[in-house]
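> What would the 3D arrangement of this be:
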Amino acid sequence: MSHADYLTVDQLCRALKLRDLTDPAQGAHAIQALLDSAVHALRSEWGSTVRSVRNAPLVPVRENYDRLGYDPGDVTRARRYTRYISPTVMLRSHTSADLPRALEDYAGRNEVDELIVAPGLVYRRDAVDRTHVGEPHQVDLWRIRSTPDTSDDDMVTMIGCLVDALLPGAQWRTTDVTHPYTVRGRQIDVLHAGEWLELAECGRIHPDVLRGSGLDPERWSGLALGMGLERALMLRKGIPDIRYLRAKDPRAAAQMLTLQPWQHVSPLPAARRDISVVVAAEEDEETLGDRVRNALGDDADVIERVEVLSCTAHEELPEAARSRLGTQHGQVNILLRIVLRPIDRTLTSHEANAIRNSIYRAVHQGPVLELI
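Numbering: from 1, shown residues only. I've put the predicted structure just below:
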């Protein structure tokens, strides 16, 4: 990778100063109450001890990928999905990165049945809309046991207990998925407003992960579950926009202290700007969303969504359009819709145009600029 593939100092500082809503030391938040309900339910079901693991989000690439069994050529390692600091250090892309080292502490112990709770911020490159952010909160809930007989039935019990704690009365189902660090992986979906939505993924801890942490799979076993906390909280409270979780507007902030159902907050007027840009053919809503967030920095929360309306390859454009846009082979012309709607204030037309131009400069890779 080149230096351009690594985070800048400003980008890293912005990421590290972001408040972790799962951390009580940084202030109370409903995410903590939701997580506490899940931990209490699992501890009561199993009679297990509980251990909390909370580490800094800067992790060795080896901990995030290699020790969890990811193949060296796995697409998830690509710069388009991972925020690298250097060739060997990154901002973790999942809290699972904290678990292999945590498991090392059990070597040589007996009579263990413990729930490991590892919450915190993780860092992705994601789309910009009402349900996605680039720095979501995740928790890994791993049950480690000094016995080799943890079964799929134990996993189903864990799933049912978790769903009942988070979303009482919700209907759920599982589908088979593959993770490099689990055996018999499952995706957990819940039925919400007539639609099946992913809540979490889980499986039995892979024997290779146990071995890599000094635990003999003939003597040890367990369950591994990872869950996005924003999605769970939004479903529990009925929150319509993920930005409300961090909103300073008193109408929203006061509601982020309990698990009571969301009370409607009248939205402010939206400003819409459509832009026609030239980008590399491999760009998508996730990478474009990352460019937009980086360009706006602390002001990124004024964006309600960024949507790709159309995408036309250089070869499919009329000659006049190619000439006007200055497209080349390997590029596409994308029409982006930008919807600006701050939570707590109304934008002036001048402010909206300035944000539009900042996004345009960050995304557009053609030689002709169309600013307003």
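> what's the burial count for Tyr192?
Wrong residue type there; residue 192 is His, not Tyr. His192 is flanked by 16 other residues according to other CB atoms under 10 Å. Any C-beta I mention is one placed from the backbone N, CA and C, and that applies to glycine too.
> For it, give the beta-bridge partners.
Glu195 (DSSP bridges).
> My guess is it contacts Leu235. True?
Yes. Using CB atoms under 8 Å, His192 makes contact with Leu235 at a distance of 5.7 Å.
> what sits in contact with each of these two?
By CB atoms under 8 Å, 6 or more residues apart in numbering, His192 and Leu235 have these common neighbours: Ala170.
> and the helix or strand containing Arg272, what other elements does it pack with?
Using DSSP states H and E, Arg272 maps to strand 271-280. For strand 271-280, the packing partners by 3 or more CB pairs under 8 Å, 6 or more residues apart in numbering; DSSP states H and E come out as strand 331-340, helix 349-363.
> ok and it relative to strand 331-340, angle-wise?
160 degrees (axes from the mean of the first three to the mean of the last three CA atoms, to 10 degrees).
> as a whole number, average confidence for strand 271-280?
The average pLDDT for strand 271-280 rounds to 96.
> And the helix or strand of the chain with the lowest mean pLDDT, how far out from the chain middle?
In the chain, no helix or strand scores lower on mean pLDDT, DSSP states H and E than helix 285-296, which sits at a mean of 91. Its chain's C-alpha centre and that of helix 285-296 lie 14 Å apart, by CA atoms, centre = their mean, to the nearest Å.
> Also stretch 148-168?
Mean-position distance between stretch 148-168 and its chain equals 23 Å (CA atoms, centre = their mean).
> buried set for it?
Buried residues in stretch 148-168, counted by 16 or more other CB atoms under 10 Å: Thr150, Asp154, Met155, Met158, Ile159, Cys161, Leu162, Val163, Asp164, Ala165, Leu166, Leu167.
> And for stretch 261-281?
By 16+ other CB under 10 Å, the buried positions in stretch 261-281 come out as Trp262, Val265, Ala271, Arg273, Ile275, Ser276, Val277, Val278, Val279.
> And stretch 360-370, by the same measure?
Using 16+ other CB under 10 Å as the test for burial, stretch 360-370 gives Tyr360, Ala362, Val363, His364, Gly366.
> So which residues make contact with it?
275-280, 288, 291-292, 294-295, 324-327, 331, 336, 371.
> tell me the average confidence for that stretch?
Across stretch 360-370, the average pLDDT comes to 93.
> Please renumber the chain so that the first residue is 11 from this point on.
New numbering, starting at 11: the last item is stretch 370-380.
> gap between the two ends of it?
End-to-end distance for stretch 370-380, by CA to CA, to the nearest Å: 8 Å.
> Helix or strand next in line after the least confident helix or strand of the chain, which one?
Following helix 295-306 in sequence order, the next helix or strand is strand 313-323 (DSSP H and E).
> now the angle between helix 295-306 and that next one, please.
130 degrees.
> Send me stretch 25-34 as CSV with only the CA atoms.
Extracted in CSV, the C-alpha atoms of stretch 25-34 (Å, rounded to 0.1, in the frame of the first residue of the first chain):
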residue,chain,number,x,y,z
ALA,A,25,-11.5,8.9,15.1
LEU,A,26,-9.9,8.6,18.5
LYS,A,27,-11.6,11.6,20.0
LEU,A,28,-15.1,10.3,19.2
ARG,A,29,-17.1,9.5,22.3
ASP,A,30,-17.6,5.8,23.0
LEU,A,31,-21.3,5.5,23.9
THR,A,32,-20.7,2.0,25.5
ASP,A,33,-18.3,3.5,28.1
PRO,A,34,-19.9,4.7,31.3
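> buried stuff in that stretch?
In terms of neighbour count (16+ other CB under 10 Å), stretch 25-34 has its buried residues at Ala25, Leu28, Asp30, Leu31, Thr32, Asp33.
> and of these, the nearest to Arg135?
For the buried residues of stretch 25-34, the minimum distance to Arg135 (CB to CB) is 12.0 Å, reached by Ala25.
> Does that closest one touch Leu17 like I think?
Yes. With contact defined as CB under 8 Å, Ala25 reaches Leu17; the gap is 7.3 Å.
> Now do the shared contacts for the two.
Shared contacts of Ala25 and Leu17 (CB under 8 Å, 6+ apart): Arg93, Leu101.
> one step back: tell me the most buried of the helices and strands packed on strand 281-290?
Highest mean neighbour count among those (mean count of other CB atoms under 10 Å): strand 341-350, with a mean of 20.
> how big is the angle separating that strand from helix 359-373?
Using the same axes, to 10 degrees: strand 341-350 against helix 359-373 is 150 degrees.
> partners of strand 341-350 in the sheet?
According to DSSP bridges, strand 341-350 forms sheet pairs with strand 281-290 (antiparallel), strand 313-323 (antiparallel).
> ok, residues contacting it?
By CB under 8 Å, 6+ apart, the residues outside strand 341-350 that reach it are 280-291, 293, 298, 312-324, 327, 331, 335, 337, 357, 362, 365-366, 369, 373, 375-376.
> If we go by neighbour counts, what in the lengthiest helix in the chain is buried?
Across the chain, the helix with the greatest residue count (assigned by DSSP state H) is helix 40-56. Counting neighbours by 16+ other CB under 10 Å, one finds that the buried residues in helix 40-56 are 40-42, 44-45, 47-49, 51-53, 55-56.
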